[in-house]
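1. this one's structure only:
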């Protein structure tokens, strides 16, 4: 587990995309979550190499500015009818992971259904349900927009709660209840 910076544990959540990548930065504090920043990185070019370079540069800048402890990503998912989509998304995830790895930032991934289930109680929750859950969780005046930002916030919040649960179980001597532990 990554070390906290000056007692702060910053999480950057990333919703990978080639055209639009959502990002969100939150701090995990003993009293709960604190929203720092969220936005999108737009690929802008039709050329794949340029889009990836823009994505990589944007994430490097974000990481340098916020020095996160961890980067939480949505896992790659694609329907079997669209293998090309999975391949293209793999390029985006590669650029994202490279930016984090070069900055020595831990990378964790979560399935979209796991994120939705944690926030709403249903792995098949709608975008609107997820946005409302985030709004409530962070005390935002409005649901987060665009959906790429909402997804990035959901990923960061998911990591916060799963990390908190893991730490609590470990401190209580109940680590055998963690996934993969006997």
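-> Received it, and whenever you're ready, just let me know what you need. This is a predicted model, so every value here is computed, not measured.
2. When you work out contacts or count neighbours from here on, use the C-alpha atoms and nothing else.
-> Fine.
3. would you list every one of the strands in this structure?
-> Secondary structure of the chain, counting by DSSP state E: strands at 9-15, 20-29, 32-42, 70-74, 106-110.
4. Just say which of these is most tucked in.
-> Neighbour counts (mean count of other Cα atoms under 10 Å) averaged over each of the strands of the chain peak at strand 9-15, with a mean of 28.
5. Partner strands of that strand, with direction?
-> strand 20-29 (antiparallel), strand 70-74 (parallel) (DSSP bridges).
6. Based on its surroundings, how many neighbours for residue 114?
-> As a burial measure, residue 114 scores 16 neighbours (other Cα atoms under 10 Å).
7. Out of the strands paired with strand 9-15, the one nearest residue 138 is which?
-> With Cα to Cα, the closest approach to residue 138 among the strands paired with strand 9-15 belongs to strand 20-29: 9.7 Å.
8. how far off strand 32-42 does the closest one point, in degrees?
-> Strand 20-29 and strand 32-42 meet at an angle of 160 degrees, taking axes from the mean of the first three to the mean of the last three Cα atoms, to 10 degrees as the criterion.
9. phi, psi of residue 69?
-> Backbone dihedrals for residue 69, given as degrees, to the nearest 10, come out at phi -80, psi -30.
10. longest single helix anywhere in this structure?
-> helix 147-171 (DSSP state H).
11. quick one, what contacts residue 37?
-> 24-26 (Cα atoms under 8 Å, 6 or more residues apart in numbering).
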